[in-house]
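Trainee: Build me a model from this:
(2 chains)
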Number of protein chains: 2
Amino acid sequence: MAMRMSTLFLRTLREDPADAELPGHKLLVRAGYVRRVAPGIYTWLPLGMRVLAKVEAIVREEMDRIGSQEVKFPALLPREPYEVTNRWTEYGENLFRLTDRKDADMLLGPTHEEMFCLTVKDMYSSYKDLPLALYQIQNKYRDEARPRAGILRGREFIMKDSYSFDVDSAGLQKAYDAHREAYIRIFNRLGFEYVIVHADSGAMGGSASEEFLAVSEYGEDTFVRDEHGYAANVEAVEVPQAPAVEVTAGPAHVEDTPNTPTIDTLVAALNERHPRTDGRSWTGADTLKNVIVMLVHPDGTREPLAIGLPGDREVDAKRLEAKVAPAEVEAFEEKDFAAYPMLAKGYIGPGVLGSEKASGIRYLLDPLVGEGSAWVTGADEHGKHVIDLVHGRDFTADGTIQAAELREGDVSPSGNGTLHLARGIEMGHIFQLGTKYAEALGLKVLDENGKLVTVTMGSYGVGVTRAVGVIAEDNLDDSGLIWPRNVSPADVHLVATGKDEEVFVKSEELVNTLEAAGIEVLFDDRRKVSPGVKFKDAELIGVPTIVIVGKGLADGVVEIKDRRSGERREVALDALLAEVQREIADHDDAR
Amino acid sequence: MAMRMSTLFLRTLREDPADAELPGHKLLVRAGYVRRVAPGIYTWLPLGMRVLAKVEAIVREEMDRIGSQEVKFPALLPREPYEVTNRWTEYGENLFRLTDRKDADMLLGPTHEEMFCLTVKDMYSSYKDLPLALYQIQNKYRDEARPRAGILRGREFIMKDSYSFDVDSAGLQKAYDAHREAYIRIFNRLGFEYVIVHADSGAMGGSASEEFLAVSEYGEDTFVRDEHGYAANVEAVEVPQAPAVEVTAGPAHVEDTPNTPTIDTLVAALNERHPRTDGRSWTGADTLKNVIVMLVHPDGTREPLAIGLPGDREVDAKRLEAKVAPAEVEAFEEKDFAAYPMLAKGYIGPGVLGSEKASGIRYLLDPLVGEGSAWVTGADEHGKHVIDLVHGRDFTADGTIQAAELREGDVSPSGNGTLHLARGIEMGHIFQLGTKYAEALGLKVLDENGKLVTVTMGSYGVGVTRAVGVIAEDNLDDSGLIWPRNVSPADVHLVATGKDEEVFVKSEELVNTLEAAGIEVLFDDRRKVSPGVKFKDAELIGVPTIVIVGKGLADGVVEIKDRRSGERREVALDALLAEVQREIADHDDAR
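Mentor: Modelled structure (predicted):
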């Protein structure tokens, strides 16, 4: 049945909603797809339901295709399984917790590894039962600190989450590969630009892991890629060790550099009072910055860590956190300095840093600090720096750590390219969880030899409501949304214009003809609305093909407008169906 | 794609699960449709998902047919709107409440009147925008005190809830009628016995209201019906006033009846010491019992209420509560008696009851107490009763109240039948809410004359997961479930038996043939499972048509078994498709 604008639950807005930040989200609200109820919590209106249903159908089809079976776990869950895996605590404030009338602790599921694991444990006991892949499409809950960006980061959102179960890592790899292929098909069909990046698996635990990132300036994640197809999350980039170079610097010498506790003040002072002899000016890249942080280990113990890196770079918090996990990173505070009087704040250098040195603080160098390179760095005395301190000759460290921020133009880990930075939105994530959850929850099966083995798991997610948001951000212009055919709320937006009764009678006939051929129509059948308003609404709503029925009727023609290109052309009434079918076939490789 | 037993996520159980009470629910668990996660919280396994999807599709189709539009509101909701309508408090412990990381109060939606009302208010402003009907199919939450009966009364469950919006009560009536028709079509298609009963709208507020009850011995609701089609919830039954009769009793006289504070002791004492003169024995029906309860009004004030009813009946708590709502009923306690010394507990009579009498307590009679009838009742003195006290001659009350329990054989309110009691499960509920919510939340539109009018609402619900439970309870035998075709997880359960490779090859061909014709097949392709186990599983799972491929192959035949009747017959291989199609067509009037 055609959706009719005269009765559709819709009120398009000419003004941007006050609480929306992103252009696509503003349009989704203005065009009546979604509506905000509370921070990060949205209602899906009829047009939005159509798009959502199409995205869900694509996801479902591709999961079914790889033999994954659909189930549905509850969203409201008991605490105990999440206690066993420690996620009840680890999720921190992101977890919605509640108690029931009997004071039992419950939670709103953020993901369901525990529940799937326990159910499979309950039902299966032999290697013959595996492999197994299950999925659900379901409301998930995360109490985001800053639920901004509309449906891109909701507190209640729909996710497709899948889990695979295998007896060995070869099986897991196969399941992982199958999901990877399925995700490529899904995201190809959904219609936005994406990259697959190596990911750090972070709090989820596990080993191999890739993310599907929608490339978007509005992304919260930074990723890098090179010209040769390499792509990774910044956390996952392994910067190559700077090659050793021949030492050309003279002997290290300490100089007075009063009032230079920062790299900027140091560089200025060096250029003014200690100019280089080779004619170059000093830059931050010539300095070795030593940053001290406090690690907090899971058992609560605190350990200072020193990181040496070129002075023109900051420590990248995400990269550092990924490297020191499960320890957490806190600032090294005044009271900590008080406990280490050998640290001259602002002038700290390799003279005191290192397990074997005066401070006893573990000292790790970023791989950008190559052997044989000479640096200006702190002399461990207030107002003094040392010049031409050579790595390997004059100092060493306890090891290396990947912690410096990445830059446009850095050498690519792939070896033969340069890195480019971009921002992305996580749309899918595939993980080889391994045995972490199965171990914790005791999911074992008998193998071929009658021996109990721990099942190895994979976990795979697609942001379903988020996908609608990303598609919107990636498909719009100044006038409104422009849906890819696969997910458009209708195939055709048919607009009846003017006051001529014949226009409406003929339009009804055309709608019937189109629908009889299986084409979904959004029909603007409103009688007292001007053509201008109807056209504006059609542009805003963004159905890819707009058919305008009006004055041309006298000549037996209607107009077809392509929403994306803006092209308009007249077609004879009796050719409309064929034309529309051709449009659909041309633009939609997935049907 | 056929579901294959060799890979289906399923483990049938031969034993009943410990935590299941009802036969249908036991089978749903044993046959692998659902699985309990916590009290009242269930996981839907692949077979269950199939049934659920079919029920949802039927509901969706019938809602779309009456022009209702699908939307989806969040399940996680802010407190404020529910505060305005007082449901935040009224729902008591049934509401799941939680706070977010910013300490904002939130709830898990039990129903969504407030949210729909506010959204329509936000978007619409004119009578021209109406009528409007919206629905959603969604997880709902109620923290049931005793979540028993499996998916019949879950704490997380799926409900289809709809809301209608009209400018006047004629419009509301039309919307109500349309939903009523849609519900009749839905429940006819789902395949269980149901009745439509007049309902008391209870806590939801509003006026006209009917319930669709599945007739089931496991129901929590009692309803009555007569031979002529009348049916009602006990709360909604209006017992006809007993007709006035000519007074035949002599003058009232007080008698000593020591130690007779209960009806039983009184009747025994009467028959022993004050036998009737007409040869009959005294029975409880000759006595007038006066029950005192304490009403607690919404503003907190407490008011005693006296109810006079025949001594052989109890006060029906549900009927009483419905009549005194929004006041709540509490027991009249010892301390209350202390405040009313004129009440002789166990011997209270009309002598002191009534607004104008010594107690000042409002006194209402059940309509079974007719004018002119004579009673034995309390004489307001310990150990004394009065005999032949005639209503209208010797005492009157402040009014009547429908509060006595109903009995098999009572006179039907329809006037020409007798009542029969039965139990039912609420499967659907349709309400004329009227302006209650719109008034509270300020939903008004301009009418034709430019005047603001409050919108009148209807609210309509169908228990979707509950429907699966009811269908199961109503369609089973000792061997397992027997799905109605409309909701069966598959059309055909094809069982390949034996070890002959030819059987499996031929079975695959048959499955392909059936599927090519759009028939859904559950295919038992397991190689190392005995025919006995396969047949047992097929009976347990309950697909209505079972096809057995085995020894008959040599003669070019397979066997078709009708799961419900148990009939088996052989059909030629090349006739199978046509036979199965005939079975489906014969038994399924909805397709």
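
Trainee: who's in contact with residue A:276?
Mentor: Contact analysis of residue A:276 by CB atoms under 8 Å, 6 or more residues apart in numbering or on different chains lists residue A:282. C-beta coordinates here come from the backbone N, C-alpha and C atoms, glycine included.

Trainee: Please report how far it lies from residue A:267.
Mentor: Using CB to CB, to the nearest Å, we find residue A:276 at a distance of 11 Å from residue A:267.

Trainee: hey, where'd the strands end up in the stretch 51-200 of chain A?
Mentor: Secondary structure of the stretch 51-200 of chain A (DSSP state E, counting those that start in this stretch): strands at A:69-70, A:76-78, A:96-99, A:105-108, A:132-141, A:156-166, A:194-198.

Trainee: All the helices of chain A, in order from the start?
Mentor: A:23-30, A:46-65, A:80-84, A:87-90, A:113-123, A:169-190, A:263-273, A:317-324, A:334-339, A:436-441, A:464-474, A:501-516, A:531-541, A:576-587 (DSSP state H).

Trainee: Could you dump those into a markdown table with distance to residue B:96, mean pLDDT and mean neighbour count added?
Mentor: Output for those, formatted as a markdown table (distance: least, CB to CB, whole Å; pLDDT from 0 to 100; neighbours: other CB atoms under 10 Å in any protein chain shown):
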| stretch | distance to residue B:96 | mean pLDDT | mean neighbour count |
| --- | --- | --- | --- |
| helix A:23-30 | 29 | 96 | 23 |
| helix A:46-65 | 25 | 98 | 20 |
| helix A:80-84 | 17 | 94 | 17 |
| helix A:87-90 | 18 | 90 | 16 |
| helix A:113-123 | 18 | 96 | 21 |
| helix A:169-190 | 33 | 96 | 19 |
| helix A:263-273 | 54 | 95 | 16 |
| helix A:317-324 | 34 | 91 | 18 |
| helix A:334-339 | 44 | 94 | 11 |
| helix A:436-441 | 26 | 94 | 20 |
| helix A:464-474 | 22 | 96 | 26 |
| helix A:501-516 | 43 | 96 | 16 |
| helix A:531-541 | 37 | 97 | 18 |
| helix A:576-587 | 45 | 90 | 15 |
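
Trainee: Now distance to chain B too, for these, in TSV please.
Mentor: Listed next are the helices of chain A as TSV, based on distance: least, CB to the nearest CB, whole Å:
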stretch	distance to chain B
helix A:23-30	11
helix A:46-65	5
helix A:80-84	9
helix A:87-90	15
helix A:113-123	4
helix A:169-190	13
helix A:263-273	37
helix A:317-324	21
helix A:334-339	28
helix A:436-441	14
helix A:464-474	10
helix A:501-516	14
helix A:531-541	14
helix A:576-587	23
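
Trainee: burial of the residue in the stretch 451-591 of chain A that chain B sits nearest to, as a residue count?
Mentor: As assessed by CB to the nearest CB, chain B sits closest to residue A:528 within the stretch 451-591 of chain A, at 8.7 Å. Neighbours of residue A:528 under the rule other CB atoms under 10 Å in any protein chain shown: 7.

Trainee: Contact partners for it?
Mentor: Listed by CB under 8 Å, 6+ apart, the contact set of residue A:528 is empty.

Trainee: per-residue confidence averaged over stretch A:340-350?
Mentor: Confidence for stretch A:340-350, expressed as mean pLDDT, is 95.

Trainee: now the end-to-end length of that stretch.
Mentor: Stretch A:340-350 has an end-to-end distance of 15 Å (CA to CA, to the nearest Å).

Trainee: ok, residue A:489 - how many residues close by?
Mentor: 24.

Trainee: Quick check: pLDDT value at it.
Mentor: Value listed for residue A:489 in the pLDDT field: 98.

Trainee: Please report the distance of the residue nearest to it when sequence neighbours are not counted from residue A:332.
Mentor: Excluding its sequence neighbours, the residue lying closest to residue A:489 (CB to CB, 6 or more residues apart in numbering or on different chains) is residue A:50, at 3.7 Å. Residue A:50 sits 54 Å away from residue A:332, going by CB to CB.

Trainee: With residue A:4 instead?
Mentor: 65 Å.

Trainee: And the residue of chain A that's closest to chain B?
Mentor: Of all residues in chain A, the one sitting closest to chain B is residue A:98 (3.8 Å; CB to the nearest CB).

Trainee: That residue reaches residue B:96, doesn't it?
Mentor: Yes. Residue A:98 is within contact range of residue B:96, at 6.1 Å (criterion: CB atoms under 8 Å).
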